[in-house]
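In: give the three-dimensional model of this entry:
(chains A and B)
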Amino acid sequence: MKSKTIKVDFLARVEGEGGLFIKIRNGAVADLRLNIFEPPRFFEAFLRGRAYHEAPDITARICGICPVAYQMSAVHAMENAFGVEIPEQIRLLRRLLYCGEWIESHALHIYLLHAPDFLGYQDAVQLAADHPDAVKRGLELKKIGNELMIVLAGREIHPINVKVGGFYRVPDKAELTSLVDKLTWAREASLETVRLVSGLTFPDFEQDYSFVSLRHETDYPLCEGRLVSNRGLDIPMREWNRHFDEDHVAHSNALHAHCGDSGSYFVGPMARYALNYDHLTPAAQKAAQEAGLEPVCRNPFKSIIVRAVELVYACEEALRIIDQYEKPSEPAVPVTPKAASGYAITEAPRGSLYHRYRVDSSGIIHDSRIVPPTSQNLARIEEDLRAFVKDRVDLPQEELTWQCEQAVRNYDPCISCATHFLKLTLERE
Amino acid sequence: MLPESDQPEQPRILIVGMGNRYRRDDGVGPVVAGRFEQESGDSVQVVHEPADPMRLIDLWRDRQLVIIIDAARSGEKPGTILRFELLRSPLPEEIFPSYSTHTMGLTKTIELARTLDRLPRRLVVYGIEAQNLDSGEGLSVEVEAAVPRVVCEITADLTRNPGHVERMPSCMSPR
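Out: Numbers count the residues shown, from 1 in each chain, chains lettered A, B, ... in the order given. Modelled structure (predicted):
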């Protein structure tokens, strides 16, 4: 019996800590497990007994790379519970803040985490030696995303200016217009990014995915809309629980999510793009077309192009919002707590992030549920790996291991978030 | 073309306290950097606990001297002071491992900056061997005792630096 084991104890360049175990026996995948051993983090329990207004700042601590997503899902869920409507300018500022996070997170992933895989470099330092201008572009894009977050939210990691009902302070128009030149540069740099990544070599691999994301009537989704899929799902956010399950699997401290009978599903840039292509700006659509992307892309390795297209969108949307911005008279609307449950889904850089809270009449949180995007993608990542390895079992061990790690990074997985930690060693049997 | 750096009149010297005050001895960087806080001004800038070390690449650009203080894990006696001149060789990752799950650690950040020719004119890293990195505030006795000695060494670095600042924290003798 011929047996081969690929064991990636730690995965580098993935946010958080996890490992990959694949056993190949007689030319077939006998076992495959994406081990998540970051310990559970118990945030849902921490929230019990805390005041509703603490949720955005507590949950922001779940993730250093997408704290805005946690804040946005938290405030929208509380506003949903209390029946709070926010004014248009506050809505736009929230979209603008989210654009900052998308720019920062996507630039980091494209240039520093994922591109080295495609070009055969161990890390961004090696990549920088041969492609210094590309890496400098990535760093500058990341910095501009960070600056947008600092202007709107005080600081780029764990921002401090978001509150239920709006913001603690809203910027003057001049503060935002001071970013226009940089964002205009960033838009061009994003278009250059699309051109750059579209020239990479992609494995021939497509899957029939169940894509799930928000869809809004008019805009590419960030904080609002209905949750839809390419399998006919079309539900309000509050019905998430009726259509999705989370299961515990022995090899993972992160729960695996499933959508009804259709099993695993895919959230994130690929899903948003497939379900909202018509809401991209013309320039983002044109960039996608020139990159050779169809309106639906089923090759997960091309997620790096989709991320770059979203980078173009985020820069354009940020510029549009700044152009339209008029400083609201009040930074936030009044909020009166009441006994209720609130639900929200917003589109984190890695995909849909669900929050649900049950709050009493004095605004104390009785229970909560937080389902991060990586947790939703874990089952799908394992299925991708099974399908991918199945046709490549004869590849040399080192090459197959490299491609498997690359396949995991297609999802830009944030293991810290999903477990409610990643280093890399390699063992072969 | 990249936009120009927007740091026109920045202090020539940057002191960075790396670490986390809520992980015991990992807080030694911010504690030492804090001793230079009152010198902050025209020539010295002090930065505490940068959450994202990659930000340093922009922060230290064009600076004359950058001093970084961090907890170290070299296997030496707790409180041992290690000093590295970074323009000559990389920082050993085994002594300064990255615990961040979301960004590059200090060692990788320095190498990325070196590769991109974005290191400051002089970069010195002080590592103080940690004893206790558990959750909680306060330094261990050995690491606390090292603080005045590191302050003294950094003061000497600043004094040797051309155009040094005039007021320095009082330099105490090693215990």
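
In: thinking A:Lys142 is in contact with A:Trp102, fair?
Out: No. Counting by CB atoms under 8 Å, A:Lys142 stays clear of A:Trp102, with 11.3 Å between them. Glycine gets a C-beta too; all of them are placed from N, C-alpha and C.

In: A:Ser190: which element?
Out: Using DSSP states H and E, A:Ser190 maps to helix A:180-198.

In: chain center to that helix: distance?
Out: Centre-to-centre, helix A:180-198 and its host chain are 20 Å apart (CA atoms, centre = their mean, to the nearest Å).

In: now swap in stretch B:37-48 and tell me
Out: 13 Å.

In: and it, end to end?
Out: Taking CA to CA, to the nearest Å, stretch B:37-48 runs 10 Å from one end to the other.

In: ditto for stretch A:388-398
Out: 15 Å.

In: ok, stretch B:52-65 near chain A or not?
Out: Yes. Stretch B:52-65 lies within reach of chain A by CB under 8 Å from any CB of the partner chain, at B:Asp52, B:Met54, B:Arg55, B:Ile57, B:Asp58.

In: which residues of chain A score low on pLDDT?
Out: Within chain A, the ranges that satisfy pLDDT under 70 run A:1-18, A:36-40, A:253-254, A:261-262, A:414-429.

In: give me the residue at the spatial middle of it.
Out: The residue lying closest to the centre of chain A (CA atoms, centre = their mean) is A:Arg350, at 1.3 Å.

In: skipping adjacent residues, who's closest to that residue in space?
Out: Leaving aside its chain neighbours, A:Arg350 sits nearest to A:Pro373 (4.2 Å; criterion: CB to CB, 6 or more residues apart in numbering or on different chains).

In: where do the helices of the stretch 201-350 of chain A begin and end?
Out: Taking DSSP state H, counting those that start in this stretch to define them, one finds helices in the stretch 201-350 of chain A at A:240-243, A:269-276, A:282-290, A:303-324.

In: so is the helix holding A:Ser190 next to chain B?
Out: Yes. Counting by CB under 8 Å from any CB, chain B is contacted by helix A:180-198 at A:Asp181, A:Lys182, A:Trp185.

In: okay, those residues in TSV with neighbour count next?
Out: Converted to TSV, the residues of helix A:180-198 next to chain B look like this (neighbours: other CB atoms under 10 Å in any protein chain shown):
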residue	neighbour count
A:Asp181	10
A:Lys182	20
A:Trp185	18
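
In: what segments of chain A are strands?
Out: A:3-8, A:18-25, A:28-36, A:162-163, A:166-167, A:212-215, A:226-229, A:234-235, A:244-247, A:256-259, A:340-348, A:351-359, A:365-371, A:426-428 (DSSP state E).

In: what is the end-to-end distance of stretch A:54-70?
Out: One end of stretch A:54-70 to the other measures 12 Å (CA to CA).

In: and it, anywhere near chain B?
Out: Yes. Counting by CB under 8 Å from any CB, chain B is contacted by stretch A:54-70 at A:Cys63, A:Gly64, A:Ile65.

In: distance-wise, check the last one relative to B:Cys152.
Out: Separation of A:Ile65 from B:Cys152 (CB to CB, to the nearest Å) stands at 38 Å.

In: so between these two, which is more surrounded?
Out: Applying other CB atoms under 10 Å in any protein chain shown to A:Ile65 and B:Cys152 shows that A:Ile65 carries more neighbours, namely 26 against 17.

In: the more buried one contacts A:Leu108, correct?
Out: Yes. Using CB under 8 Å, A:Ile65 makes contact with A:Leu108 at a distance of 7.2 Å.

In: roughly how far apart are A:Leu119 and chain B?
Out: To chain B, A:Leu119 is 15 Å away according to CB to the nearest CB, to the nearest Å.

In: surely that residue and A:Leu127 touch.
Out: Yes. Using CB under 8 Å, A:Leu119 is in contact with A:Leu127, at 6.4 Å.

In: and these two? which has more neighbours close in?
Out: A:Leu127 (24 against 13).

In: show me where chain B has strands.
Out: Using DSSP E, the strands of chain B run over B:13-17, B:44-48, B:65-72, B:81-85, B:123-129.

In: only alpha carbons, please: show the longest one as PDB.
Out: Put plainly, it is strand B:65-72. Output of strand B:65-72 as PDB, limited to C-alpha atoms (Å, rounded to 0.1, in the frame of the first residue of the first chain):
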ATOM      1  CA  LEU B  65      18.600  57.500  14.900                       C
ATOM      2  CA  VAL B  66      15.900  55.000  15.800                       C
ATOM      3  CA  ILE B  67      16.100  53.100  19.100                       C
ATOM      4  CA  ILE B  68      13.700  50.300  19.700                       C
ATOM      5  CA  ILE B  69      13.300  48.600  23.100                       C
ATOM      6  CA  ASP B  70      11.600  45.200  23.300                       C
ATOM      7  CA  ALA B  71      11.500  42.200  25.600                       C
ATOM      8  CA  ALA B  72      13.800  39.300  24.400                       C
END
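
In: can you list contacts of it?
Out: Outside strand B:65-72, the residues that touch it by CB atoms under 8 Å, 6 or more residues apart in numbering or on different chains are B:12-19, B:25-29, B:32-33, B:56, B:60, B:80, B:82, B:95-96, B:106, B:120-130, B:133, B:143, B:150, B:154, B:157-158, B:161.

In: if we can go back for a sec, highest neighbour count among the residues of stretch B:52-65 next to chain A?
Out: B:Met54 (24 neighbours).

In: tell me the contacts of it?
Out: Contacts of B:Met54 by CB under 8 Å, 6+ apart are A:Leu139, A:Lys142, B:Thr103, B:Met104, B:Thr109, B:Leu112.

In: tell me which residues in the longest helix seen in chain B are buried?
Out: The single longest helix within chain B, with elements called by DSSP state H, is helix B:141-160. Across helix B:141-160, burial judged by 16 or more other CB atoms under 10 Å in any protein chain shown covers B:142-143, B:146-155, B:157-158.

In: bridging residues for the most centrally placed residue in chain B?
Out: Most central in chain B under CA atoms, centre = their mean is B:Ile68, positioned 1.3 Å from the mean C-alpha point. On the basis of DSSP bridges, B:Ile68 is bridged to B:Val16, B:Val125.

In: A:Arg25 too?
Out: Residues in a beta bridge with A:Arg25, per DSSP bridges, are A:Ser3, A:Ala28.

In: same question for the one 10 residues further on.
Out: In this structure, A:Asn35 has beta-bridge partners A:Gly19, where bridges are defined by DSSP bridges.

In: isn't it right up against A:Leu378?
Out: No. Counting by CB under 8 Å, A:Asn35 stays clear of A:Leu378, with 10.6 Å between them.

In: re the thing from before, closest one to A:Trp240 out of the residues of stretch B:52-65 next to chain A, please.
Out: Sorting those by how near they are to A:Trp240, with CB to CB, puts B:Asp52 at the top with 31.9 Å.

In: could the strands of chain B be laid out in CSV, adding mean pLDDT and distance to A:Met72?
Out: Shown next, in CSV, are the strands of chain B (pLDDT from 0 to 100; distance: least, CB to CB, whole Å):
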stretch, mean pLDDT, distance to A:Met72
strand B:13-17, 95, 31
strand B:44-48, 90, 28
strand B:65-72, 95, 33
strand B:81-85, 94, 41
strand B:123-129, 95, 37
